[in-house]
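>>> With the sequence up front, the predicted model follows.
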Amino acid sequence: MFIVVDSLTGLSMKFAAHLKYPVYRIGYDEIPFDKGEYFLLTRSFNFGEIPISTIEVLRKHHQNCIGVAVSGNKNWGTNYGAAGDKIQQIYGIPLVHKYEGTGFPQDVQVVEQYLLERENN
Ligand SMILES: Cc1cc2nc3c(=O)[nH]c(=O)nc-3n(C[C@H](O)[C@H](O)[C@H](O)COP(=O)(O)O)c2cc1C
């Protein structure tokens, strides 16, 4: 298991640093997609759209993606974290959580708990 992050301004990188898995950032790191399952952290842009860089990854590797969490900002109203809803709809990947900015400890806990349950099943 590893974490794949699509982060523009680095907020989701801070979230990912709390998770006990290797973290790879899209556009920065060589991502070992042949190593099996991963969890995706991404963001929304342009009124709730999925970033192109995330789409490129999911087109090729959605089958190994076990879940997604999305960083956003509630100021975007109904488009808050909307990329996550779209990823769930399009690819059938569970939307585990939406969080603002870097997230709070309780946000990290939701994702940690999900990953733990997946590891134990
Ligand atoms: C141009 C632009 C568009 C954005 N659009 C949305 C949006 O539609 N929905 C949302 O929840 N957040 C939106 N945001 C906020 C970012 O998703 C939010 O700041 C996020 O925490 C950034 O994470 P990152 O630092 O990991 O890239 C937008 C930010 C920018 C700069």
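Structure received. Residues are numbered from 1 along each chain as shown.
>>> List the residues that contact residue 118.
With contacts defined as Cβ atoms under 8 Å, 6 or more residues apart in numbering, residue 118 is in contact with 1, 37, 66, 67. Using the backbone N, CA and C atoms, a C-beta is placed for each residue, glycine as well.
>>> for the protein, what's the longest strand?
strand 65-72 (DSSP state E).
>>> In the sheet, which strands lie alongside that one, parallel or antiparallel?
Sheet pairing of strand 65-72 (DSSP bridges) gives strand 38-43 (parallel), strand 95-100 (parallel).
>>> starting at the chain centroid, how far to that strand?
The chain centre lies 3 Å from the centre of strand 65-72; the measure is Cα atoms, centre = their mean, to the nearest Å.
>>> Export only the CA atoms of it, formatted as CSV.
Taking C-alpha atoms only, strand 65-72 is exported to CSV below (Å, rounded to 0.1, in the frame of the first residue of the first chain):
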residue,chain,number,x,y,z
CYS,A,65,-6.9,2.7,-6.4
ILE,A,66,-8.7,1.6,-3.2
GLY,A,67,-10.1,5.0,-2.2
VAL,A,68,-9.8,8.7,-2.5
ALA,A,69,-9.8,11.7,-0.1
VAL,A,70,-10.1,15.2,-1.4
SER,A,71,-8.7,18.5,-0.1
GLY,A,72,-10.9,21.5,-0.7
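>>> Following the chain past that strand, name the next helix or strand.
helix 82-91 (DSSP states H and E).
>>> circling back to that earlier point, in CSV: the strands paired with strand 65-72, plus distance to the ligand, mean neighbour count and mean pLDDT.
Listed next are those as CSV, based on distance: least, Cβ to the nearest ligand atom, whole Å; neighbours: other Cβ atoms under 10 Å; pLDDT from 0 to 100:
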stretch, distance to the ligand, mean neighbour count, mean pLDDT
strand 38-43, 4, 25, 98
strand 95-100, 7, 20, 98
